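Engineer: Build me a structure from this.
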Amino acid sequence: MATARMKPTLVPPAAPAEPGLRLRKKARQKAEILAAATELFRSNGFEETRMEDVGRLADVSLKTVYNYFPTKQSILIELVREDRIRMMALYEAILDEPHANLAEALSKLIRADIGDVLTPNDKKLWRELLAAEVRSSVDSAEEYQKNREIFGAYIRKMLLRFRRDGVLSSAVNITVAVDLIYAVLAYNFRIYCTSPEMMIGDVEKSVRAQLQLLITDWTVTRPAGTAPATRPGRKS
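Structural biologist: As a prediction, the model looks like this:
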């Protein structure tokens, strides 16, 4: 009598990963690639770093690196974008309760924008970022411009807040004022990044002095001892 053939055991296919899990994995992998690129840009410089080096340090394939970032330039743009997003909460806090003195309030906003660029390696990384901006293509230049516009919008909000309080003269052209204040930031940040001996305190002192001089004719003159009608601060 023939023996009955046993039916093969069917193994159910693996359930697909949950969408949330896949998204978290992709975000984590992207962050690891960015961290690896940042480390290499700091130590070796932008031009000397290859995409292969980024993949090796991040422990992913070259194809995976290109899946997230088609060029090294796109990595730099993402680093600038993430830096701006990280700082926005601090900008908001300064705007929420600004210093009563306009120059001091703007100085604090600029200090927040410089962020955690404190060490020689931090400065080297940002020299690479600034140089890449100069070399950027039209598309990349538009991305850098978006970042400038974001910070410019916070400067504008600060100026308008002081105008509403009666401190900033209504004769001041806000658009021109924003450009001038941003120029103070850009100038001092470039000097800071290219000067090994310059400390963050030196930048703050320079920015404060320049802004005090710049806005001398911007503010409304009041008799000595007269305070503004309302002090800039948190609205009730």
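
Engineer: After the one helix or strand in the chain whose mean pLDDT sits lowest, which helix or strand is next?
Structural biologist: Ranked by mean pLDDT, DSSP states H and E, the weakest helix or strand in the chain is helix 120-135, scoring a mean of 78. Next in sequence after helix 120-135, counting helices and strands by DSSP states H and E, comes helix 138-164.

Engineer: Now do the buried residues in the very next helix or strand once past that next one.
Structural biologist: The helix or strand immediately downstream of helix 138-164 is helix 174-194, counting by DSSP H and E. Buried residues in helix 174-194, counted by 16 or more other Cβ atoms under 10 Å: 177-178, 181-182, 184-185, 188-189, 192-193. The way it works is simple: take the backbone N, C-alpha and C, and place the C-beta from them, glycine included.

Engineer: same check, this time on stretch 207-220
Structural biologist: Buried, per 16+ other Cβ under 10 Å, within stretch 207-220: 207-208, 210-211, 214-215, 218-219.

Engineer: which of those residues sit farthest apart?
Structural biologist: Largest separation among those by Cβ to Cβ: V207 and T219, giving 17.5 Å.

Engineer: Run through the chain and note the low-pLDDT ranges.
Structural biologist: 1-19, 133-144, 221-236 (pLDDT under 70).

Engineer: centroid residue for it?
Structural biologist: R84 (2.3 Å; Cα atoms, centre = their mean).

Engineer: Nearest spatial neighbour of that one, chain-adjacent residues omitted?
Structural biologist: N147 (5.1 Å; Cβ to Cβ, 6 or more residues apart in numbering).

Engineer: Double-check the one you found against R81; I have them as touching.
Structural biologist: Yes - the pair formed by N147 and R81 meets the contact definition of Cβ atoms under 8 Å, at 6.6 Å.

Engineer: Give the intersection of the neighbour lists for these two.
Structural biologist: Shared contacts of N147 and R81 (Cβ atoms under 8 Å, 6 or more residues apart in numbering): none.

Engineer: Please tell me how far G45 sits from P196.
Structural biologist: 16 Å (Cβ to Cβ, to the nearest Å).

Engineer: Also Q73?
Structural biologist: In terms of Cβ to Cβ, Q73 sits 27 Å off from P196.

Engineer: the more surrounded of those two?
Structural biologist: Between Q73 and P196, counted using other Cβ atoms under 10 Å, the more crowded position is Q73 (18 against 8).

Engineer: got the angle for the helix or strand harbouring that one vs helix 120-135?
Structural biologist: Assessed by DSSP H and E, Q73 sits inside helix 72-96. If you take axes from the mean of the first three to the mean of the last three Cα atoms, to 10 degrees, helix 72-96 sits at 110 degrees to helix 120-135.

Engineer: Just want the angle from helix 72-96 to helix 138-164.
Structural biologist: Using the same axes, to 10 degrees: helix 72-96 against helix 138-164 is 10 degrees.

Engineer: Now do the helix or strand just after helix 72-96 and helix 72-96, the angle between them.
Structural biologist: Next along the chain after helix 72-96, taking DSSP H and E as the criterion, comes helix 102-114. Counting by the same axes, to 10 degrees, helix 102-114 lies at 150 degrees to helix 72-96.

Engineer: Okay, buried residues for helix 102-114 please.
Structural biologist: 102-103, 105-114.

Engineer: And V172, how close does it get to W218?
Structural biologist: 5 Å.

Engineer: What of A36?
Structural biologist: Counting by Cβ to Cβ - A36 and W218 are separated by 46 Å.
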